[in-house]
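[1] Curious how this folds, go ahead:
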Amino acid sequence: MAANLSSDDPLCIESQEIYKNVWLIVIFCSTLVLDVVAFVCCAIGAKSVYNTQLLHVNLRISLFSISLGLLVRAVFTAFRCIRYLVHAVAFTNPCDFLDTVLFCSTYSGLHSWGYVVVMYTIPIITVERMVALLASARYEDWTYPKLMTIVNLVPWAYGGFAVYLRIEMLKGVNFPVIYCSSFSEAVFKFSVLDLLNIAFMVPFTCLCIDTLIQLFCKYLIKKNFRSEFHEHSLTHRFQLNEILRTAKIAIPASSLFCFLNTTSNIIMIIPIMMGLVKRTLEFAMFKELGALTTMPIYTIIYGILLYYYNVRPINTGPQCCQRKQVTPYVSGIDTTRQRAVKETDLYFQIYSARW
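    Numbering: from 1, shown residues only. Below is the predicted model of the structure:
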């Protein structure tokens, strides 16, 4: 690219200005550090999902797929940060900072591949949890690892096909761009309504459904096993409690994705609406700052959440100085029912700990 343009060309000068900007260098250094931490946390969380027996195998496959998607995203994010910093430190000719449309489009597709996988695997988990609730009396025996693997490969295939279409559409288009983050007249048309995009609506819908599943599951446990304990199997009760526990993963996964994605868009849209974005340099700063708050932070929290849920020990022994609540006298039948419930709870705690 430097051979076709002179070093004083406006495109080259503006591109060099972007790569030499101190604030962008700080943002990319921070993103790289966060990304390394995110990769380690997510890898540990993925390993805990792979090794655990506390979760149903159908759910474990979906959680592992999200982990792989986040790891892929982290790898490409780290590559982008390192490439930017190398350009900023090593290059001196202004025209060497220029990229091509084909490179930027291809890399953008690869970079968003993991993001697409995460966004569309969240609904798979929601549907799987709905099936687990509707068939809770028999779901423990419904282990279909091959089917769930095929289902979870669909988001990967969709993301890969989108990358292929990007490459084919722009094959042979090699005109230069000053920076890979797109900046055009369409940017100035952004509004608050753009926050309600598919990246928000899909996980938000799943969040609402997961919350309803949790509430209904609590209702079933309270209704069926406190008043009609003898009419329900231990397997049914264990499955409902498993659904209730896994909501601690599904609900944060959906809510955090919504919140961080919206935060990223707000960081970019508000400056545009206030007229603070006039050049590619300003756009790049706000866009990269928004990216800093999204996937690396989400990946760190997701990895810690998986590790905490799957590795933390379950306390089945007696505790010192337990708080006791004084209750009114109950009949012998009620006492027997309460003792059965407590003994069953202890049994499943020991059962889960042995898994």
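
[2] How about the contacts made by residue 62?
    By C-beta atoms under 8 Å, 6 or more residues apart in numbering, the contact set of residue 62 is 121, 124-125, 128, 148, 152. In short, each C-beta sits where N, CA and C put it, glycine included.

[3] do that again at 10 Å, thanks
    Residues near residue 62 by C-beta atoms under 10 Å, 6 or more residues apart in numbering: 49, 55, 121-129, 148-149, 151-152, 250.

[4] Tell me how far the helix or strand residue 26 falls within lies from the chain's centre.
    Under the criterion of DSSP states H and E, residue 26 resides in helix 22-51. Chain-centre distance of helix 22-51: 13 Å, with C-alpha atoms, centre = their mean, to the nearest Å.

[5] For it, buried residues please.
    For helix 22-51, burial by neighbour count (16 or more other C-beta atoms under 10 Å) applies to 24, 27-28, 31-32, 34-35, 37-39, 41-43, 45-49.

[6] re the thing from before, quick one: buried ones out of the contacts of residue 62?
    49, 55, 121-126, 128-129, 148, 151-152, 250.

[7] Let's have the residues you listed in TSV, adding distance to residue 294, secondary structure and pLDDT.
    What follows is the buried ones among the contacts of residue 62, written out as TSV (distance: C-beta to C-beta, whole Å; DSSP: H, G, I helix; E, B strand; the rest coil; pLDDT from 0 to 100):
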residue	distance to residue 294	secondary structure	pLDDT
49	22	helix	87
55	26	coil	80
121	17	helix	93
122	15	helix	92
123	19	helix	93
124	21	helix	93
125	20	helix	91
126	21	helix	90
128	25	helix	89
129	25	helix	87
148	27	helix	92
151	26	helix	95
152	22	helix	95
250	20	helix	83
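
[8] Return the residues in contact with residue 291.
    The neighbours of residue 291, taking C-beta under 10 Å, 6+ apart as the test, are 27-28, 31, 77, 80, 111, 181, 264, 267-268.

[9] To be precise, which single item in the residues you listed has the lowest pLDDT?
    Lowest pLDDT within the contacts of residue 291 is found at residue 181 (72).

[10] Let me know the secondary structure of that one.
    coil (DSSP: H, G, I helix; E, B strand; the rest coil).

[11] and the residue nearest to residue 37 when sequence neighbours are not counted, what does it touch?
    Excluding the flanking residues, the one nearest residue 37 by C-beta to C-beta, 6 or more residues apart in numbering is residue 300, at 6.0 Å. Counting by C-beta under 10 Å, 6+ apart, residue 300 touches 34-35, 37-42, 45, 70, 74.

[12] run the last query once more with 8 Å
    Shown in contact with residue 300 (C-beta under 8 Å, 6+ apart): 34, 37-38, 41-42.

[13] With residue 116 instead?
    So residue 116 contacts 69, 155, 158-159, 162 (C-beta under 8 Å, 6+ apart).

[14] List the residue ranges of the chain that fall below the pLDDT cut-off.
    1-5, 182-195, 224-238, 311-355 (pLDDT under 70).

[15] Show me the domain layout of it.
    Using automatic domain parsing, the domain parsing of the chain gives 10-312, 318-355.

[16] which one of those domains is the most hemmed in?
    Counting by mean count of other C-beta atoms under 10 Å, domain 10-312 has the highest mean neighbour count of these, with a mean of 17.

[17] Now do the one helix or strand residue 220 maps to: distance to the chain's middle.
    Secondary structure assigned from DSSP H and E places residue 220 in helix 198-227. Its chain's C-alpha centre and that of helix 198-227 lie 19 Å apart, by C-alpha atoms, centre = their mean.

[18] Report the inter-axis angle for the helix or strand residue 89 falls within versus helix 22-51.
    Assigned by DSSP H and E, residue 89 falls within helix 57-90. Here helix 57-90 runs at 150 degrees with respect to helix 22-51, directions being taken by axes from the mean of the first three to the mean of the last three C-alpha atoms, to 10 degrees.
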